[in-house]
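# 3D model of this:
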Amino acid sequence: MTEPELTPLQAWAASGAMALTGRSGGPPLAAPGSAATMVSAALREIAMSTIIRTEHEPKLPGIELLGERAAIAGLHRAGPFSCGGAFRVVETNDGRFGLSLPRPEDLDLIPALTESDFTGDVWATVAAWARTLSTSEAADRVELLGLAGGEIPDPGRTTRPGVLVTEHGPRRRRRDRPRIVDLTGLWAGPLCAHLLGLTGAEVVKVESVQRPDGARRGPAAFFDVLHAGHAMVALDFHDPGGIAALQGIIANADLVLESSRPRALAQFGIDAKEVVSAGTSWLSITARGRESNAVGFGDDVAAAAGLVVPAGSDLLPCGDALADPLAGVRAAAAAADALFAENARMIDVSMLHVAAEAADGPSEDHRVHRSGETWWVETARGRFPVADPVARRPPAPASALGADNEHWVGKR
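Next comes the predicted model:
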């Protein structure tokens, strides 16, 4: 007998993401829309594409992947801040915008952002500055300085689908084991690569010697979960030899994953459309699509898409960097489909627009209460618990930076 499909609220509570939403010490909160059921549907798409390609069903994670980074890092709900503490929603004189400050260099830009010196609380300084501006003025200045943030809700979030797929050329090859070149970092792109690896694809992660994946500075266990079993190549992009090696690795790929802003790879003589025209599919995961230069991280992008929860005078972020896993899983579904397509594809994944699709629609009427150590959700359909975030155990440590250079750099 087939198990009944979870409702969006049941799936949200089961995923671990609801436990991460709300104020510290307060009840866990429901998100609008259907983020967890979107993930579940995308995972089914990946499985079906893999069965068609390989005749075998892959062993994939479930909706619990929404909470596994927090489970590994020991993060908890912390409204009005994000779980990691680097994001919050700020009031302007006519609305709200969200701002992420996860990097040390972001804090260095606060005097330029607020046009004032500050020696005290960063967020108090930002809040006082924001109240003097309109939302659009604040968002424009954030983008001008290369900070991550934007208007909530972003008025452009419904103007395109989350995943745009176009075909530009013939497939050059159909390997039994597709080769994926992963140029991405942090969470969304590596999650996409990880899921493709679980379908049997060969994954080669290429990093810059000067600027390796920032996730290497985070919890090792989370990096291991997403990268175990992947080949690791590190190249010096200030050296023509490193650029030539990158070009050679890309030329022998079935699919390239990247998460750079549009002009980033042009300086290396790499044009995505030319790569696709030569028969290799290309998938970009960016904050707001390939046509945008905006910077974005999972919390601020999700908030701009409408994945926020009102709590008194505040808007609280939903889950942990929610736009990252949403985009990563949706990207993997599009990539898995492309791996058996006849023509090479250009796939443009916008984290903002994927998250906007997930945010569409109100939450089901419900009540949250606590019994003992467990939070429970009650609806007209019944009663169910709010699950704590859980994490998978990595099968092995990820390889070190550049561990596979000897094998891959000489390979064309």
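# Might you report the residue contacts of the most centrally placed residue in the chain?
Nearest residue to the geometric centre of the chain (C-alpha atoms, centre = their mean): Asp324, 1.6 Å. Asp324 sits next to Leu186, Trp187, Ala188, Leu191, Phe297, Gly298, Met351 when contact means C-beta atoms under 8 Å, 6 or more residues apart in numbering. In short, each C-beta sits where N, CA and C put it, glycine included.
# Quick one: buried ones out of the residues you listed?
Among the contacts of Asp324, those buried by neighbour count (16 or more other C-beta atoms under 10 Å) are Leu186, Trp187, Ala188, Leu191, Phe297, Gly298, Met351.
# Could you pick out which of the residues you listed are located in helices?
Judged by DSSP state H, helices contain the following of the buried ones among the contacts of Asp324: Ala188, Leu191, Gly298, Met351.
# coming back round to it: a markdown table please, covering the contacts of Asp324 and showing distance to Leu339.
Shown next, in a markdown table, are the contacts of Asp324 (distance: C-beta to C-beta, whole Å):
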| residue | distance to Leu339 |
| --- | --- |
| Leu186 | 23 |
| Trp187 | 22 |
| Ala188 | 19 |
| Leu191 | 17 |
| Phe297 | 28 |
| Gly298 | 26 |
| Met351 | 22 |
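# Where do the helices of the stretch 251-400 of the chain begin and end?
272-277, 298-304, 323-338, 351-359 (DSSP state H, counting those that start in this stretch).
# Just say which of those helices is most tucked in.
helix 298-304 (a mean of 34; mean count of other C-beta atoms under 10 Å).
# How far away from the center of its chain is that helix?
On the basis of C-alpha atoms, centre = their mean, to the nearest Å, helix 298-304 sits 10 Å off its chain's mean C-alpha point.
# Which residues does it contact?
Contacts of helix 298-304 from elsewhere in the structure, counted by C-beta under 8 Å, 6+ apart, are 82, 84, 86-87, 89, 98-100, 148-154, 157, 187-188, 287-288, 296, 308, 315, 317-326, 351-352, 355, 359.
# Adding distance to Glu137 and mean pLDDT, write the helices of the stretch 251-400 of the chain out as TSV.
Below are the helices of the stretch 251-400 of the chain laid out as TSV (distance: least, C-beta to C-beta, whole Å; pLDDT from 0 to 100):
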stretch	distance to Glu137	mean pLDDT
helix 272-277	33	91
helix 298-304	16	96
helix 323-338	24	97
helix 351-359	20	96
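# looking at the ones you listed, which is closest to Asp106?
helix 298-304 (11.3 Å; C-beta to C-beta).
# Enumerate every residue touching Gly361.
Counting by C-beta under 8 Å, 6+ apart, the residues that Gly361 touches are Pro8, Pro32, Gly33, Ser34.
# Next: Gly84.
Counted by C-beta under 8 Å, 6+ apart, Gly84 has contacts Ala73, Leu75, Pro102, Asp299, Asp320, Ala321.
# Identify the residue spatially nearest to the last one, adjacent ones excluded.
Read that as Ala321. Of all residues beyond its chain neighbours, the one nearest Ala321 is Gly298 (2.7 Å), with distances taken as C-beta to C-beta, 6 or more residues apart in numbering.
# roughly how far apart are that neighbour and Asn93?
28 Å (C-beta to C-beta, to the nearest Å).
# before we move on, back to that, which pair in the buried ones among the contacts of Asp324 spans the largest distance?
Farthest pair in the buried ones among the contacts of Asp324, by C-beta to C-beta: Leu191 and Phe297, 14.2 Å.
# Does anything pack onto the strand or helix carrying Ala36? Which helices or strands?
Take DSSP states H and E as the rule and Ala36 turns out to sit in helix 35-54. In this structure, helix 35-54 packs against helix 8-14, helix 323-338, helix 351-359, with contacts taken as 3 or more C-beta pairs under 8 Å, 6 or more residues apart in numbering; DSSP states H and E.
# Flag the shaky bits of the stretch 301-412 of the chain, pLDDT-wise.
For the stretch 301-412 of the chain, the stretches flagged by pLDDT under 70 are 410-412.
# what do you get for the stretch 51-200 of the chain?
Ranges of the stretch 51-200 of the chain meeting pLDDT under 70: 119, 172-173.
# ok, which stretches of it are helices?
So, for the stretch 51-200 of the chain - with DSSP H, counting those that start in this stretch - the helices run 68-73, 104-108, 110-114, 122-130, 135-144, 188-198.
# quick one: buried residues of the fourth one?
Think helix 122-130. For helix 122-130, the neighbour count (16+ other C-beta under 10 Å) marks Thr125, Val126, Ala127, Trp129, Ala130 as buried.
# Quick one: work out the angle between that helix and helix 135-144.
Angle of helix 122-130 versus helix 135-144, following axes from the mean of the first three to the mean of the last three C-alpha atoms, to 10 degrees, is 130 degrees.
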